[in-house]
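Engineer: the following block contains a protein sequence and its predicted model.
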Amino acid sequence: MLDDVNTTAPQGGADAAASSLALRFTQVKSLLQKEFGDTAFRSWIQPVDATRFSGGVLELSVPTRFVRDWVKSHYADRIRSLWQQNFGPIARVDLIISARKETVAAEPAHTVSSYAETPVANQNTAVVEDLSSPLDPRFTFANFVIGRSNELACNAAKAVAAGTSRLNPLFLQGGVGLGKTHLMQAVAHAVRAQDPSRKVAYMSAEKFMYQFVKALRAKDTMSFKTALRGIDILMVDDIQFICGKDQTQEEFIHTFNALIDQGKQIIVSADKSPAELDGLGERLRSRLGMGLVAAIQQTTPELRLEILRAKCTMLGRNVAEDVLEFLAQRIASNVRELEGALNRLIAHAELAGRALNVDTAADVLQDLLRAHERRVSVEDIQKKVAEHYGIRMADMHSPRRARPVARPRQVAMYLCKALTSHSLPEIGRKFGGRDHTTIIHGVRKVEELMAQDAALRDDVDQLKRAISG
Ligand code: ADP
Ligand code: MG
């Protein structure tokens, strides 16, 4: 028998049933939080409420279509099995979009013309156009290859372009060359193609700063502000460049707030998450973290191979599969370098009249490949540290907190921060999906201990030398 919460609730009343359902679902949520980490929890699981459990069907409400699709594909199965383990049989999980939340959040949505028709916007059309940097015609969604590492960011960008989400602001976070600019410009292309009357401005943070300073000098910040506020979608790329520039930040926050209050969409990108960006004022930090922070993670070999295949198709070149596999395996840093390697290889083979094979690739790309060999991976570090302390590699990922495994794990975290260019969330993911705050805590702990404990300092030094070769 599938228990309805309604019928099994202690008092039998409707209120009691509802609260018993809420309580049960809260338990499920906290298990999910432990399993998937705080970031995923805040973005996806927190906003989900249980509305009914009846006939074995658990009905959950979510605020938007985007959240619904994501929860459905990523968490629904897990929710079902956790419910089953804790509260008995369940047939299915249904996700509905909560009408109430839709209307609360549905201020002026992304409708087209409300702004375009105001005289201010008309006057400033030229300025708006001027604000936007030219787009790279290749940076479209069609040319973007999706893999596990960029799926969230790409789906979020598409939802924003379609105007079906209120992920505002959308914060794209990712290391260099992983596709942030490509995705932002893809949104701009898509929006312009769908609806040319929606004003999209894409600019680098540097350009934003430059324009602002120019307006300041000309004592004409008014028209800069008005122009910005006439935009429907504002995208500012690489906002780490605004960090520490107080006056620009102030202006950015003002504009930002004004745009969001008017229901306009903001997309920003940075190489770090809002929490990790230094020199970002608290106000801006919290504002930026209020929408969705979508991380683009390091590429996987499979994604790199797919990207190479796509680039070959685009270039109309036929490159042997083993050559592409060789590149995908060996050039792991980022997509920009990967593309560069492919282009260089093709150009060289052509100009020098050499066969396009693995030997040529190894030869032509020597310098690049050597540089990569020197790069240290999180896995290398975990392995060396585990060996050093005689713990298992699995202990690096496990939730066990006993000191004999926790301390070496913290040492490994410290070394990952010191020796790799991975961001803290990336490191966290490689330590069994831990939150970046756990990594910060681990790193600080080791720093503290090293200051007091010479033996630990020696350990760390020795490990560092062993790892960096
Ligand atoms: P970022 O702005 O994050 O530094 P870019 O967006 O400039 O990186 O991407 C670097 C290069 O890699 C660009 O030429 C871009 O088209 C390409 N690229 C990145 N990710 C992908 C992807 N998933 N599919 C296809 N091309 C990609
Ligand atoms: Mg970029």
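Structural biologist: Everything's here; your move. A quick note: this is a predicted structure, and the numbers were derived from the prediction, not measured. Ligands and ions are numbered 1, 2, ... in the order given.
Engineer: show me the helices in the stretch 201-350 of the chain, by range?
Structural biologist: Counting by DSSP state H, counting those that start in this stretch, the segments of the stretch 201-350 of the chain that form helices are 205-217, 221-229, 246-261, 282-288, 301-315, 321-330, 335-352.
Engineer: packing partners of the shortest one?
Structural biologist: Packed against helix 282-288 by the contact rule (3 or more CB pairs under 8 Å, 6 or more residues apart in numbering; DSSP states H and E) you find helix 246-261. For glycine as for every other residue, the C-beta is placed from the backbone atoms N, C-alpha and C.
Engineer: elements contacting the helix it packs on?
Structural biologist: helix 205-217, helix 221-229, strand 233-237, strand 265-270, helix 282-288.
Engineer: now that helix - C-alpha only, CSV.
Structural biologist: What follows is helix 246-261, C-alpha atoms only, in CSV (Å, rounded to 0.1, in the frame of the first residue of the first chain):
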residue,chain,number,x,y,z
ASP,A,246,35.2,51.4,-6.3
GLN,A,247,33.6,54.2,-8.3
THR,A,248,32.9,51.9,-11.3
GLN,A,249,31.4,49.3,-8.9
GLU,A,250,29.1,51.9,-7.4
GLU,A,251,27.9,52.9,-10.9
PHE,A,252,27.5,49.3,-11.8
ILE,A,253,25.4,48.5,-8.7
HIS,A,254,23.2,51.5,-9.4
THR,A,255,22.6,50.5,-13.0
PHE,A,256,22.2,47.0,-12.0
ASN,A,257,19.6,47.7,-9.4
ALA,A,258,17.7,50.0,-11.7
LEU,A,259,17.7,47.4,-14.5
ILE,A,260,16.6,44.6,-12.3
ASP,A,261,13.9,46.7,-10.7
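Engineer: got the angle for it vs strand 265-270?
Structural biologist: Angle, helix 246-261 to strand 265-270, by axes from the mean of the first three to the mean of the last three CA atoms, to 10 degrees: 140 degrees.
Engineer: list the buried ones in helix 246-261?
Structural biologist: By neighbour count on 16 or more other CB atoms under 10 Å, the buried set for helix 246-261 is Thr248, Gln249, Glu251, Phe252, Thr255, Phe256, Leu259, Ile260.
Engineer: read off the pLDDT value for the last one.
Structural biologist: We note a pLDDT of 86 for Ile260 in this prediction.
Engineer: now do the same contact list for it.
Structural biologist: Asn168, Pro169, Ile266 (CB atoms under 8 Å, 6 or more residues apart in numbering).
Engineer: try it again with 10 Å
Structural biologist: The contact partners of Ile260, by CB atoms under 10 Å, 6 or more residues apart in numbering, come to Glu107, Asn168, Pro169, Leu234, Ile266, Arg287, Met290, Gly291.
Engineer: cool, the fourth one as well?
Structural biologist: When contacts are counted by CB under 10 Å, 6+ apart, Phe252 touches 205, 208-209, 212, 228, 234, 236, 239, 242, 245, 266, 268, 281, 284, 287-288.
Engineer: distance of Glu339 from ligand 1?
Structural biologist: Distance, Glu339 to ligand 1, by CB to the nearest ligand atom, to the nearest Å: 5 Å.
Engineer: interface residues of this structure facing ligand 2?
Structural biologist: Residues of the chain that fall close to ligand 2, judged by CB under 5 Å from the ion: Lys180, Thr181.
Engineer: and the residue nearest in space to the middle of the chain, how far is that from Val378?
Structural biologist: By CA atoms, centre = their mean, the chain has its centre lying nearest to Ala295, at 1.2 Å. Note on Ala295: its distance to Val378, by CB to CB, to the nearest Å, is 15 Å.
Engineer: before we move on, the earlier item: and which of the buried residues of helix 246-261 is nearest to ligand 1?
Structural biologist: Phe252 (19.1 Å; CB to the nearest ligand atom).
Engineer: that closest one and Pro274, how far apart?
Structural biologist: Distance, Phe252 to Pro274, by CB to CB: 13 Å.
Engineer: same check, this time on Arg68
Structural biologist: Distance, Arg68 to Pro274, by CB to CB: 25 Å.
Engineer: low-confidence ranges in the stretch 201-350 of the chain?
Structural biologist: Along the stretch 201-350 of the chain, no part satisfies pLDDT under 70.
Engineer: ok, now the stretch 351-469 of the chain?
Structural biologist: 372-374, 421, 469.
Engineer: repeat that with 80
Structural biologist: Applying pLDDT under 80 to the stretch 351-469 of the chain picks out residues 370-375, 420-422, 468-469.
Engineer: the residue in the stretch 101-250 of the chain that ligand 2 sits nearest to: neighbour count?
Structural biologist: Scanning the stretch 101-250 of the chain for the residue nearest ligand 2 gives Thr181, at 3.3 Å (criterion: CB to the ion). The tally of other residues near Thr181 (other CB atoms under 10 Å) stands at 20.
Engineer: same question, Ala218
Structural biologist: Ala218 has 10 neighbouring residues, counting by other CB under 10 Å.
Engineer: what about it, distance to Leu345?
Structural biologist: Distance from Ala218 to Leu345, counting by CB to CB: 49 Å.
Engineer: and if you look at His441?
Structural biologist: 44 Å.
Engineer: could you check the pLDDT of Gln123?
Structural biologist: Gln123 is given a pLDDT of 40.
Engineer: between the buried residues of helix 246-261, which sits nearest Ala22?
Structural biologist: Proximity of the buried residues of helix 246-261 to Ala22 (CB to CB) peaks at Ile260, which lies at 30.6 Å.
Engineer: quick one, what contacts the closest residue to Ala295 other than its chain neighbours?
Structural biologist: Leaving aside its sequence neighbours, Ala295 sits nearest to Gln173 (CB to CB, 6 or more residues apart in numbering; 4.8 Å). Shown in contact with Gln173 (CB under 10 Å, 6+ apart): 153, 180, 268-274, 276-277, 293-297, 423, 425-426.
Engineer: can you verify Gln173 is assigned to a strand?
Structural biologist: Yes - assessed with DSSP: H, G, I helix; E, B strand; the rest coil, Gln173 lies in a strand.
Engineer: up against ligand 1, what does this protein have?
Structural biologist: The chain comes close to ligand 1 at residues 139, 143-145, 150, 174, 176-182, 307, 335-336, 339, as judged by CB under 6 Å from any ligand atom.
Engineer: just to revisit the earlier point, how about the helices of the stretch 201-350 of the chain in a markdown table, adding distance to Ala40?
Structural biologist: Formatted as a markdown table, those follow (distance: least, CB to CB, whole Å):
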| stretch | distance to Ala40 |
| --- | --- |
| helix 205-217 | 27 |
| helix 221-229 | 33 |
| helix 246-261 | 24 |
| helix 282-288 | 18 |
| helix 301-315 | 20 |
| helix 321-330 | 28 |
| helix 335-352 | 24 |
